[in-house]
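In: Below is the sequence, then the predicted model.
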Amino acid sequence: MNPALFSAARVGLHIIPFYWEHPLCPVFWTFFSLCGALQFLLLKRARRGHVRWSLIGGLLAAMLACEIACQIVTGWDLFLPLLLYCFFLFGLLGAALSALLSIFLKK
């Protein structure tokens, strides 16, 4: 029972955002930037604390669902949860980068 992150790395999904000829590369970077921009807007505009961090919580919940699906599904059907796991991980990285920049720019 491998974690989804190790299974995705074994398949080679971690290379897609940096392999510029792959058709999913712009999709990964667009999702990264959209999650970062949305998190920045949530941190600047939201008044309640739980709303500010709802994107990061939602991405973590989606990654947990993909992790559970990766433990249940076998064979070629495993590729979709792994791909979604990588998308959500990349979106989480964009949101976390935006949150860190927002915290450092506030000071």
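Out: All right, it came through fine.

In: CA atoms for contacts and neighbours, from now on please.
Out: Will do.

In: quick one: buried residues of the helix or strand bottoming out on mean pLDDT in the chain?
Out: In the chain, the helix or strand scored least confidently by mean pLDDT, DSSP states H and E is helix 49-52, which has a mean of 86. Applying a neighbour-count criterion of 16 or more other Cα atoms under 10 Å, one finds Arg52 buried in helix 49-52.

In: what is the mean pLDDT for the next helix or strand after that helix?
Out: Later in the chain than helix 49-52, the nearest helix or strand by DSSP states H and E is helix 54-72. Helix 54-72 shows a mean pLDDT of 96.

In: Can I get helix 54-72 in CSV? Just the C-alpha atoms.
Out: Extracted in CSV, the C-alpha atoms of helix 54-72 (Å, rounded to 0.1, in the frame of the first residue of the first chain):
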residue,chain,number,x,y,z
SER,A,54,-11.4,27.3,3.0
LEU,A,55,-9.6,26.8,-0.3
ILE,A,56,-6.6,25.2,1.4
GLY,A,57,-9.0,23.0,3.5
GLY,A,58,-11.0,22.0,0.4
LEU,A,59,-7.8,21.1,-1.5
LEU,A,60,-6.6,19.0,1.4
ALA,A,61,-10.0,17.2,1.6
ALA,A,62,-9.8,16.5,-2.1
MET,A,63,-6.3,15.1,-1.8
LEU,A,64,-7.5,12.9,1.1
ALA,A,65,-10.4,11.6,-1.1
CYS,A,66,-7.9,10.9,-3.9
GLU,A,67,-5.6,9.1,-1.4
ILE,A,68,-8.4,6.9,-0.3
ALA,A,69,-9.4,6.2,-3.9
CYS,A,70,-5.8,5.3,-4.7
GLN,A,71,-5.9,2.7,-1.9
ILE,A,72,-9.1,1.2,-3.2
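
In: Give me the helices and strands touching the next helix or strand after it, please.
Out: Downstream of helix 54-72, the next assigned helix or strand under DSSP H and E is helix 79-106. For helix 79-106, the elements it packs on are helix 4-11, helix 25-45, helix 54-72, judged by 3 or more Cα pairs under 8 Å, 6 or more residues apart in numbering; DSSP states H and E.

In: what stretches of this protein score poorly on pLDDT?
Out: Where the chain drops to pLDDT under 70, the residues are 107.

In: I'm done for today, thanks for sticking with me.
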